[in-house]
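# Sequence and predicted structure, then a few things I'm wondering about:
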Amino acid sequence: PAMRLDVVSIFPDYLAPLELSLIGKAREDGLLDVRVHDLRDFTHDRHRTVDDTPYGGGAGMVMKPQPWSEALDHVLALDNPSGARPHLVVPGPGGQPFTQALARQLALEPWLAFACGRYEGIDERVYDHAREDLGLEVSVVSLGDYVLNGGEVAVLAMVEAIGRLVPGVIGNAESLVEESHEDGLLEYPIYTKPSSWNGREVPPVLLSGNHGAIAAWRHEQRLARTAARRPDLLHASHAGPHGDLEIS
Ligand SMILES: N#Cc1c(-c2ccc3ccn(Cc4ccc(CN5CCOCC5)cc4)c3c2)n[nH]c1N
């Protein structure tokens, strides 16, 4: 059965890229069932109001609870005769870090619903309502330590990271194995034809056909790159036989 992904946003067009390329193809192949909903469809005033001023003062606006409550009811009722429950994922600057490990966990779930906030965020009672009244698991997740204006960009990234882990979405499965962050080291440099370009040569070892030497060179390159760019990812298990981190 397809993995179902619902996204609620006041900017549904922001999610249009999910109709393209890999995710788009996975949708055509019935591997992913992606539905985008406009939060304003769940307002009832003439101005389709979704925000208001914060109690207790402070800058900016807060998203009102009622539209979110009706949007979640709609998502839960749509094509859901069994009454199954989605895992509600809410992007937020204060959320738990979105990592490859979390992407792998979420890729195992049959149904994810994403709430894209804007302004200063969503009234806290929506989270309480979702957990306590709707019985949903709710996770607040952050892309990283920088400030965005809303959750849509984060959902595009999360849906791509999660979607590509769903079996069948990526053609050759082996490309999923050899990739950064899977065993904690960054990736090695990659090259393709021509072997000489702009007076620059491809490292000869890669043309040697000596697969042992190629594997050793690639591991060495991954260690060096990780040491240079992400020393935080290096730990004892990457030390060489001499107990040192073999970095040239
Ligand atoms: N994922 C992810 C994100 C987001 C993200 C995700 C969702 C929403 C919804 C609204 N915004 C805007 C926004 C920005 C900053 C703040 C903090 N406030 C603290 C108190 O002072 C005022 C500011 C709140 C809301 C969002 C931002 N940002 N960065 C990530 N990695």
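Here it is on my side, so go on. Numbers count the residues shown, from 1 in each chain.
# so for the helix or strand that contains E220, what's the average pLDDT?
Using DSSP states H and E, E220 sits in helix 211-229. Helix 211-229 shows a mean pLDDT of 98 in the predicted model.
# Same check on stretch 101-115?
98.
# Tell me which residues of that stretch come out buried.
By 16 or more other C-beta atoms under 10 Å, the buried positions in stretch 101-115 come out as 102-103, 106-107, 111-115. Where you see a C-beta, it was placed from the backbone N, CA and C, and this is true even at glycine.
# and it, C-alpha only, in PDB?
Taking Å, rounded to 0.1, in the frame of the first residue of the first chain, the C-alpha atoms of stretch 101-115 are listed here in PDB:
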ATOM      1  CA  ALA A 101      17.800   8.500  11.400                       C
ATOM      2  CA  LEU A 102      14.500  10.300  12.000                       C
ATOM      3  CA  ALA A 103      13.800  10.300   8.200                       C
ATOM      4  CA  ARG A 104      14.300   6.500   8.300                       C
ATOM      5  CA  GLN A 105      11.900   6.100  11.200                       C
ATOM      6  CA  LEU A 106       9.300   8.300   9.600                       C
ATOM      7  CA  ALA A 107       9.700   6.400   6.300                       C
ATOM      8  CA  LEU A 108       8.400   3.300   8.100                       C
ATOM      9  CA  GLU A 109       5.100   4.900   9.000                       C
ATOM     10  CA  PRO A 110       2.000   4.300   6.800                       C
ATOM     11  CA  TRP A 111       0.600   7.900   7.200                       C
ATOM     12  CA  LEU A 112       2.200  11.200   8.000                       C
ATOM     13  CA  ALA A 113       0.400  14.600   8.200                       C
ATOM     14  CA  PHE A 114       2.500  17.800   8.100                       C
ATOM     15  CA  ALA A 115       1.200  21.100   9.600                       C
END
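# returning to what we had before: what two of the buried residues of stretch 101-115 have the greatest distance between them?
Taking every pair in the buried residues of stretch 101-115 and measuring C-beta to C-beta, the maximum separation is 19.0 Å, between A107 and A115.
# Now do the helix holding E220: which elements does it pack against?
Taking 3 or more C-beta pairs under 8 Å, 6 or more residues apart in numbering; DSSP states H and E as the contact definition, helix 211-229 has no neighbouring helices or strands.
# Just the CA atoms of it, as PDB, please.
Only the C-alpha atoms of helix 211-229 are listed here, as PDB (Å, rounded to 0.1, in the frame of the first residue of the first chain):
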ATOM      1  CA  HIS A 211      39.200  -2.100  -6.700                       C
ATOM      2  CA  GLY A 212      41.000  -2.600  -3.400                       C
ATOM      3  CA  ALA A 213      43.100   0.500  -4.000                       C
ATOM      4  CA  ILE A 214      40.000   2.400  -5.100                       C
ATOM      5  CA  ALA A 215      38.100   1.400  -2.000                       C
ATOM      6  CA  ALA A 216      41.100   2.400   0.200                       C
ATOM      7  CA  TRP A 217      41.500   5.800  -1.600                       C
ATOM      8  CA  ARG A 218      37.800   6.500  -1.200                       C
ATOM      9  CA  HIS A 219      37.800   5.700   2.500                       C
ATOM     10  CA  GLU A 220      40.900   7.900   3.000                       C
ATOM     11  CA  GLN A 221      39.100  10.700   1.200                       C
ATOM     12  CA  ARG A 222      36.000  10.300   3.300                       C
ATOM     13  CA  LEU A 223      38.000  10.500   6.500                       C
ATOM     14  CA  ALA A 224      39.900  13.600   5.300                       C
ATOM     15  CA  ARG A 225      36.800  15.400   4.200                       C
ATOM     16  CA  THR A 226      35.000  14.600   7.400                       C
ATOM     17  CA  ALA A 227      37.900  15.800   9.400                       C
ATOM     18  CA  ALA A 228      38.000  19.000   7.400                       C
ATOM     19  CA  ARG A 229      34.300  19.800   7.300                       C
END
